[in-house]
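A.B. asks: The following comprises the amino acid sequence and a computationally predicted model.
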Amino acid sequence: MGKKCKVKLDVGTVYQKEEGGTYYFRYQVQHERKCVSLKTSNQEEALEKARKLLPIIQATTEEVISAHVKVARHLVKQARPLPLSEIWNVYSKHPQRAIPATVREELAYHSTLDEMIRYFSRYSNVKDVKDVTPAMAEDFANHLRTMQISVATHNRKIVRIRRIFGTLKDYLSIENPFGSSVLLRKEREEQGTLVRRIAFTREQEEAIRRELDNPHRKLMNKAEIKVVYYIGMYTGQRLKDCALMQWRNIDLEQKRIWVKQFKTGKEVLIPIAEPLQAVLREARKWQTDSYVCPKVAARYQIVDERGKEIGDSLVNIDVLRVIKWIGLEPSVATPGRKRKATVYGFHSLRHSFASFCAEAGVPKAVVVSILGADSSIIDRFYTHVGEDAQRAAIEAISGGTSTTPEQRIKQVLEYVGSLATVSSEVSHIVSLLSGK
């Protein structure tokens, strides 16, 4: 009678329960013994399958460790070969591939994949898609964490690769190795360094208008940039919507602008404010084609030899130059990131629009109907709703009392009246407050 075969590996043992029978792989995970069938009676094939399990068994993350069950279930699956260098050729033709709205984002998919392939070149045994394991995916995610990029950028890279591998099921011997949620970073990681876009004050917007009319300030297509700024100030729309505004969407007689937003596809109808009306009537004089700002529109739509949009960055540079004219620095250094974060930009006008509407008591639903989306922007400036009631509640539980404006004026007058001497300026203010 023959002898049952048993082979010890660095981690675990490959063995047969009976001579000539199926091989099994026995190992321990967090002090728990596990055993999976290798679905073969061939020793060499069994050892190869067991060795593929080793990176997962040796991983430290619980969520990655749990993947061993899924791997075991798919051991019988014969994955088709696909070299890492051929992933893009297969993915780019797959019917379930992502369809980015811009060439820039499609190129970002390709460059992120190339970044992953370059990183995996350090593994001498990784040449094919089926060689990529969850442990390797976690290793790549940890590598991204060292690159001084934002949480959002990190997560976009992981999601892109996850989507790519999601179309390669025929070439994988396991489930998507980038499917684990532990590969993504949490927003709270940047709580201490989060930089937000800042809204312009009314004084800052007025300063921008003055500088745009200042003949000593030089700027490419300055007259058109002024129009773009005015559209942004008085409609709250994004830079692309303003730069590519067409005359067919403007009714100067009825004083209305119709916008179908490029980012969301949402349609909004906005009344034209008087300052914007005057600027648009002036712009009519240079009308050469369908665009309100033809030179800016042509510049905005410039693409490079790959078809990537680069004109938006060129126009944005022009816009930021105006902001620098009024003494503001558009970007600031942020700890943990290579690139500076933008705090003042054209998008600040969108924040300002929401801010001014909130100050004026415009209902939130009306602002949503104009801005079209960005509820986070709107919510930021509408948090004051109910604050008076909240303040009264806090004062009530702390023993304080809520006073009306008239009561506060009375308190000021009583205090000034108690002073031995007051200046003529204070006496004048008192007479105004008391109505004398």
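C.D. replies: Yep, that arrived.
A.B. asks: so who does the closest residue in space to residue 350 that isn't next to it in sequence touch?
C.D. replies: Residue nearest to residue 350 in three dimensions, not counting chain neighbours: residue 236, with 5.1 Å by CB to CB, 6 or more residues apart in numbering. Backbone N, C-alpha and C define where each C-beta goes, glycine included. Counting by CB atoms under 8 Å, 6 or more residues apart in numbering, residue 236 makes contact with 349-350, 353-354, 370-371.
A.B. asks: Distance check, residue 236 against residue 376.
C.D. replies: Distance of residue 236 to residue 376, computed by CB to CB, to the nearest Å: 14 Å.
A.B. asks: And for residue 347?
C.D. replies: Taken as CB to CB, the span from residue 347 to residue 376 is 12 Å.
A.B. asks: ok, the two, which is more surrounded?
C.D. replies: For residue 347 and residue 376, the more surrounded residue by other CB atoms under 10 Å is residue 347, and the numbers stand at 18 against 7.
A.B. asks: Give me the nearest residue to the more buried one, chain neighbours excluded.
C.D. replies: According to CB to CB, 6+ apart, the nearest residue to residue 347 is residue 197 (5.7 Å).
A.B. asks: per-residue pLDDT, residue 218?
C.D. replies: Residue 218 is assigned 95 on the pLDDT scale.
A.B. asks: Just want the most central residue of this protein.
C.D. replies: residue 152 (5.2 Å; CA atoms, centre = their mean).
A.B. asks: helices or strands up against the helix or strand hosting it?
C.D. replies: Using DSSP states H and E, residue 152 sits in helix 151-166. Counting contacts by 3 or more CB pairs under 8 Å, 6 or more residues apart in numbering; DSSP states H and E, helix 151-166 packs against helix 103-120, helix 134-145.
A.B. asks: how about a markdown table for those, with mean neighbour count and mean pLDDT added?
C.D. replies: Output for the helices and strands packed on helix 151-166, formatted as a markdown table (neighbours: other CB atoms under 10 Å; pLDDT from 0 to 100):
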| stretch | mean neighbour count | mean pLDDT |
| --- | --- | --- |
| helix 103-120 | 16 | 93 |
| helix 134-145 | 19 | 93 |
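A.B. asks: between those helices, which gets nearest to residue 359?
C.D. replies: Residue 359 sits nearest to helix 103-120 of all those, at 36.3 Å, using CB to CB.
A.B. asks: Check what contacts that closest one and list those residues.
C.D. replies: 84-85, 87-88, 91, 98, 100, 126, 132, 136, 140, 143, 156-157, 160-161, 163-164, 303, 306-309.
A.B. asks: domain ranges for this protein?
C.D. replies: The record's domain split for the chain, according to automatic domain parsing, is 6-73, 84-190, 202-381, 405-434.
A.B. asks: In terms of mean pLDDT, which of those ranks lowest?
C.D. replies: Within the domains of the chain, confidence is poorest for domain 405-434, with a mean of 68 (mean pLDDT).
A.B. asks: picking that back up, if you count neighbours, what's buried in the helix holding residue 152?
C.D. replies: Residues of helix 151-166 classed as buried by neighbour count (16 or more other CB atoms under 10 Å): 151, 154-158, 160-166.
A.B. asks: how big is the angle separating it from helix 134-145?
C.D. replies: Computed with axes from the mean of the first three to the mean of the last three CA atoms, to 10 degrees, the direction of helix 151-166 lies at 150 degrees from that of helix 134-145.
A.B. asks: Pull the distance from helix 151-166 to the chain's centre.
C.D. replies: On the basis of CA atoms, centre = their mean, to the nearest Å, helix 151-166 sits 12 Å off its chain's mean C-alpha point.
A.B. asks: Apart from its chain neighbours, what residue comes closest to residue 348?
C.D. replies: In this structure, residue 348 finds its nearest non-sequential neighbour in residue 200, 5.2 Å apart by CB to CB, 6+ apart.
A.B. asks: Check which helix or strand that neighbour maps to.
C.D. replies: Assigned by DSSP H and E, residue 200 falls outside every helix and strand.
A.B. asks: Tell me who's in contact with it.
C.D. replies: If you count contacts by CB under 8 Å, 6+ apart, then residue 200 has 208, 344, 348-349, 351-352 around it.
A.B. asks: which of the residues you listed lies closest to residue 228?
C.D. replies: Of all the contacts of residue 200, residue 228 sits closest to residue 349, with 10.0 Å by CB to CB.
A.B. asks: Looks to me like residue 33 is in a strand.
C.D. replies: Yes. Applying DSSP: H, G, I helix; E, B strand; the rest coil, one finds residue 33 inside a strand.
A.B. asks: list the contacts for it?
C.D. replies: Each residue near residue 33 by CB under 8 Å, 6+ apart is listed here: 26-27.
A.B. asks: Please verify my assumption that residue 163 contacts residue 100.
C.D. replies: No. If you go by CB atoms under 8 Å, residue 163 and residue 100 don't touch, sitting 10.5 Å apart.
A.B. asks: From what I see, residue 222 and residue 211 are in contact.
C.D. replies: No. Between residue 222 and residue 211 there is no contact under CB under 8 Å: 10.0 Å.
A.B. asks: which of those two has more neighbours?
C.D. replies: Legend: neighbour count by other CB under 10 Å for residue 222 and residue 211, higher for residue 211 (20 against 17).
A.B. asks: what's the nearest residue to that one if we skip its chain neighbours?
C.D. replies: Leaving aside its chain neighbours, residue 211 sits nearest to residue 325 (4.3 Å; criterion: CB to CB, 6+ apart).
A.B. asks: ok, the residue nearest to residue 171 when sequence neighbours are not counted - contacts?
C.D. replies: If the residues on either side of it in the chain are set aside, residue 171 comes closest to residue 82, at 4.0 Å by CB to CB, 6+ apart. Counting by CB under 8 Å, 6+ apart, residue 82 touches 90, 128-130, 168, 171.
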